[in-house]
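S.K.: here is the input, now give the coordinates:
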Amino acid sequence: MTDFNQQEGAEMESNESIEANASKVETAASAENNALETPDDLALVKRMQQGHQQIVDEIRKVIVGQEAVVDELLIALFSGGHCLVTGVPGLAKTLLIKTVADILQVNFSRIQFTPDLMPADVVGAEIVEEKDGKRGLNFVKGPIFTNILLADEINRTPPKTQSSLLEAMEERQVTAAGVTYPMAKPFFVLATQNPIELEGTYPLPEAQLDRFMFKIELKYLSEADEVAVVANTTQTRDTALSHPLSGEDILEFQRIARQVPAAEAVIQYAVRLVHSSRPQSDVAPQFIKDWVSWGAGIRASQNLVLAGKVRALLHGRYNVSFGDIRALAPSVLRHRVLLNFHAEAERITTDTVISRLLEEVPEPSSGL
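M.R.: Residues are numbered from 1 along each chain as shown. Reported below is the predicted structural model:
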């Protein structure tokens with residue numbers, strides 16, 4: 001009986017500790033959430049939710065299926081992040097991005113990346129012009145100066161041209177001939193890539209990959225969805241798209257998303273996932289040390305939390321949950337975890353590693 005009483009007392013003490021931790025988290029979240037309690041901010045959140053649904057409804061007029069892909073693409077846009085969309089030919093990667101650009105009231109440019117594409121074809125170049133009888137150099141801006149840039153088949157151009165996107169993607173500016181030009185706001189790079197055709201391609205360097213918030217993979221459609229696609233695309237059809245959101249709306253959504261509180265336990269969980277993906281880390285599981293040559297960097301942690309804030313708002317919540325982090329982890333980590341030859345020999349995929357990582361890294365005991 002004495003042992004039972006001691007055990008019961010220990011359990012009560014443990015429960016009180018958990019409740020105290022949960023109370024601290026809720027108090028901290030409430031303090032941080034004050035900025036979202038104003039009528040204007042709450043109205044903006046509702047506008048974000050409605051705008052998201054309106055965009056999805058418009059996309060459905062053109063794209064069949066791929067619900068998860070559409071959701072993640074819009075989360076990236078509302079977070080201010082870039083996306084790398086991969087998939088075999090014929091899955092409407094380019095069509096999806098063009099449709100999103102058509103729906104939003106923003107400027108759009110498309111660059112078809114080819115082996116002979118030069119950095120000046122992306123960024124722009126100085127040309128000689130004559131004005132008032134005098135010759136001088138004038139910088140002519142390239143297609144990168146837009147709101148949404150579709151970098152189609154980005155891995156078909158050499159690294160020299162790929163690197164012309166680095167400064168714009170990270171710092172939202174372009175430097176040419178010693179002069180820095182700011183990018184328009186909002187600015188997104190939405191790139192496509194074919195994962196099965198490797199001849200004549202140039203793998204993206206890790207520095208380039210790390211600048212993409214998500215790597216989204218398009219899968220084959222179900223038979224029912226494919227029937228719908230074939231039926232819709234083999235008949236005459238006039239699809240008129242509306243424009244529910246503007247660039248200013250997107251910027252406001254990005255601002256309000258950053259005000260969403262994330263409890264310390266949630267941030268710790270995101271960071272622990274990323275740390276555990278690094279074979280050099282003390283907390284890395286053995287399978288990471290066996291199969292991974294290089295893990296994710298700090299941008300992965302930042303992207304997990306920021307995208308989690310947007311996902312929380314779109315799901316009607318005002319704080320980030322562990323579920324948000326888990327749901328977004330594959331697309332955030334997929335292009336940041338590099339497998340070694342042991343994994344390739346055993347036919348281990350990156351998604352397999354991430355799935356196992358999510359199974360083995362525990363969520364902190366916070367009551368969330």
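S.K.: burial count for the closest residue to residue 119 other than its chain neighbours?
M.R.: Closest residue to residue 119 apart from its sequence neighbours, by CB to CB, 6 or more residues apart in numbering: residue 164 at 3.9 Å. Quick note: C-beta positions are derived from backbone N, CA and C, even for glycine. By other CB atoms under 10 Å, 21 other residues sit near residue 164.
S.K.: any idea how far stretch 291-304 is from the chain center?
M.R.: Centre-to-centre, stretch 291-304 and its host chain are 13 Å apart (CA atoms, centre = their mean, to the nearest Å).
S.K.: my guess is the residue nearest to residue 119 contacts residue 113, does it?
M.R.: No: the pair residue 164 / residue 113 is not scored as a contact, 10.6 Å apart, by CB atoms under 8 Å.
S.K.: check contacts around residue 364.
M.R.: Contact partners of residue 364, counting by CB atoms under 8 Å, 6 or more residues apart in numbering, are 265, 268-269, 272.
S.K.: let's see 6 Å
M.R.: 265, 268-269 (CB atoms under 6 Å, 6 or more residues apart in numbering).
S.K.: do you know how far the closest residue to it other than its chain neighbours is from residue 312?
M.R.: Sequence neighbours aside, residue 265 is the residue nearest to residue 364 in space, at 4.3 Å (criterion: CB to CB, 6+ apart). Distance, residue 265 to residue 312, using CB to CB, to the nearest Å: 15 Å.
S.K.: ramachandran angles for residue 124?
M.R.: Dihedral angles of residue 124 (phi, psi; degrees, to the nearest 10) stand at phi 120, psi 180.
S.K.: that one touches residue 142, doesn't it?
M.R.: Yes: Residue 124 lies in contact with residue 142 (CB atoms under 6 Å); the separation is 3.6 Å.
S.K.: quick one: name whatever helix or strand follows the helix or strand of the chain with the lowest mean pLDDT.
M.R.: Every helix and strand of the chain was ranked by mean pLDDT, DSSP states H and E. The lowest is helix 2-32, at a mean of 40. If you walk from helix 2-32 toward the C-terminus, the next helix or strand you reach (DSSP states H and E) is helix 39-60.
S.K.: C-alpha coordinates for the next helix or strand after that following helix, PDB please?
M.R.: Downstream of helix 39-60, the first helix or strand assigned by DSSP H and E is helix 67-79. C-alpha atoms of helix 67-79 as PDB (Å, rounded to 0.1, in the frame of the first residue of the first chain):
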ATOM      1  CA  GLU A  67      -4.600  18.900 -53.200                       C
ATOM      2  CA  ALA A  68      -1.600  18.600 -50.900                       C
ATOM      3  CA  VAL A  69       0.700  20.100 -53.600                       C
ATOM      4  CA  VAL A  70      -1.600  23.100 -54.000                       C
ATOM      5  CA  ASP A  71      -1.800  23.600 -50.300                       C
ATOM      6  CA  GLU A  72       2.000  23.600 -49.800                       C
ATOM      7  CA  LEU A  73       2.500  25.900 -52.700                       C
ATOM      8  CA  LEU A  74       0.100  28.400 -51.300                       C
ATOM      9  CA  ILE A  75       1.700  28.100 -47.800                       C
ATOM     10  CA  ALA A  76       5.000  29.000 -49.300                       C
ATOM     11  CA  LEU A  77       3.600  32.000 -51.100                       C
ATOM     12  CA  PHE A  78       1.900  33.200 -47.900                       C
ATOM     13  CA  SER A  79       5.200  32.700 -46.000                       C
END
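S.K.: many thanks, I have nothing further to ask.
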